[in-house]
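Peer 1: pasted the sequence and its predicted model underneath.
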Amino acid sequence: MMPIDKEKLIKRFVSYVTIDTESDPESNTTPSTEKQWVLAHKLVEELKEMGMSNVTIDDNAYIMATLPSNVDYDVPAIGFISHFDTTPDFTGKDVKPQIIENYDGKDIILNAEEDIVLSPAYFEDLLQYKGQTIITTDGTTLLGADDKAGITEIMEAMKYLLAHPEIEHGDIKVGFTPDEEIGRGAHKFDVEKFGAEWAYTMDGSQIGELEYENFNAAGAVVTIKGKIVHPGYAKGKMVNSMYIAQDYINSLPRLETPEHTSDREGFFHLYQMNGKVEETKLQYIIRDHDKEHFEARKAIMQQVANDLNEQLEQIAITVDVKDQYFNMREHIEPVMHIVDIAKEAMETLGIQPLIKPIRGGTDGSQLSFMGLPCPNIFAGGHNFHGRYEYVPVESMMKAVQVIVTVAELTAKRYI
Ligand SMILES: [Zn+2]
């Protein structure tokens, strides 16, 4: 079976996660933080050095490269995409990866001084990786396996294909993006320049994950107007917007919220409220995999406002709903072979495919709507966006093999 150099893979991964690339939602530039350029330039150099063709980086730090086809028949160009920024939710500065070889299934002390422990009693998934090599944080930062694991895997896979010209494949495109974690990774992605017929983001979590469905998403701002009058003379005059807000909140289904839903169940999520007598603002997000249910949820938010306005005999409540992103499924289903190839690649490698809807969005969903159908494949990490993030090296090695096998199977399909 395909031998992947474990030590070199670890070394590459460590060299990426020790470069701070935290993105910043407050910034208007792309990349959102200057420091993302450091890793971006390094990646460009490495792509050139290993012998990739058409290596480019644009003014917004989007990196693209090509591994040219080595067959004499037409195969559609396919792409692999990862992001090099890390989330602003938790610090990514001074990451000190710890490498635990032959994991024994017990607690991993991340930081003895601060008593930070990564325990399988809480994170049961750890037990799947007994006997493997696990990379963790030192408990004070995130790790950045999201998504430097994906970048490492794509790099190692390209290196492997370059070293093994006997493996037949069509054009393979590589794309590395900034600012995925602040929802902008796809925004300035030049789909036409990329030139792939379809692609895969290597940005999923545990081994086997394969995703081509995500939420439909909208944000809603509910504004409630009241009337302020001196409390001593308020009878029959004061309208307290906060009480109306309370009625509004209680009119939405209390169990259709993130803390009460899973799998394919959608929700309304009230994530912020600011109120005074005169005005209260409620900020919601609305999520549902099903397009009809999604539209119905948006309509309910308006209907509740209409009903309360009627009772109050005035327009006290206005609802402003804005769509954010949509389920990529509608763009994947017409080209279902792109999921089948990934699934077959995993099965060939003895990996059990875990196909499930994402309870969130991905860059791939945006790219799918921009004309580049783009399912998501596991990168191997767990507990993203915090100090308990970890990645089993064996999962990363499997991801490298999945990329190579997807390239191989795609070419075979078009002989
Ligand atoms: Zn990610």
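Peer 2: Yep, that arrived.

Peer 1: for residue 247, the count of nearby residues, please.
Peer 2: 15 (other CB atoms under 10 Å). Where you see a C-beta, it was placed from the backbone N, CA and C, and this is true even at glycine.

Peer 1: what segments of the stretch 1-150 of the chain are strands?
Peer 2: Using DSSP state E, counting those that start in this stretch, the strands of the stretch 1-150 of the chain run over 53-57, 63-67, 78-83, 98-100, 108-111, 116-118, 134-136.

Peer 1: most packed of those?
Peer 2: strand 78-83 (a mean of 27; mean count of other CB atoms under 10 Å).

Peer 1: up against the ion, what does the stretch 151-300 of the chain have?
Peer 2: Residues of the stretch 151-300 of the chain lying close to the ion (CB under 5 Å from the ion) are residue 203.

Peer 1: go with 8 Å
Peer 2: Residues of the stretch 151-300 of the chain lying near the ion by CB under 8 Å from the ion: 180-181, 203.

Peer 1: tabulate the strands of the stretch 1-150 of the chain (a markdown table), appending mean pLDDT and distance to the ion.
Peer 2: Formatted as a markdown table, the strands of the stretch 1-150 of the chain follow (pLDDT from 0 to 100; distance: least, CB to the ion, whole Å):
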| stretch | mean pLDDT | distance to the ion |
| --- | --- | --- |
| strand 53-57 | 98 | 20 |
| strand 63-67 | 98 | 16 |
| strand 78-83 | 98 | 6 |
| strand 98-100 | 98 | 21 |
| strand 108-111 | 97 | 21 |
| strand 116-118 | 97 | 20 |
| strand 134-136 | 98 | 16 |
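
Peer 1: for residue 232, find the nearest of these.
Peer 2: strand 116-118 (54.4 Å; CB to CB).

Peer 1: that closest one pairs with which strands, parallel or anti?
Peer 2: strand 108-111 (antiparallel) (DSSP bridges).

Peer 1: just the CA atoms of the partner strand, as PDB, please.
Peer 2: What follows is strand 108-111, C-alpha atoms only, in PDB (Å, rounded to 0.1, in the frame of the first residue of the first chain):
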ATOM      1  CA  ILE A 108      -3.300  13.300  28.100                       C
ATOM      2  CA  ILE A 109      -1.800  16.000  30.300                       C
ATOM      3  CA  LEU A 110      -1.800  19.100  28.000                       C
ATOM      4  CA  ASN A 111      -0.500  21.400  30.700                       C
END
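
Peer 1: how far off centre is that strand?
Peer 2: Offset of strand 108-111 from its chain centre (CA atoms, centre = their mean, to the nearest Å): 26 Å.

Peer 1: what residues does it touch?
Peer 2: Applying CB atoms under 8 Å, 6 or more residues apart in numbering, the set of residues contacting strand 108-111 from outside is 98, 100, 116-119, 126, 134, 136-140, 387-388.

Peer 1: report the two of the residues you listed separated the most.
Peer 2: The farthest-apart pair in these, when distances are taken by CB to CB, is 126 and 140, at 19.7 Å.

Peer 1: more neighbours: which of those two?
Peer 2: A count of neighbours by other CB under 10 Å puts residue 126 above the other of residue 126 and residue 140, at 25 against 17.

Peer 1: interface residues of the stretch 1-150 of the chain facing the ion?
Peer 2: Going by CB under 8 Å from the ion, the residues of the stretch 1-150 of the chain near the ion are 82-83, 87, 146-147, 150.
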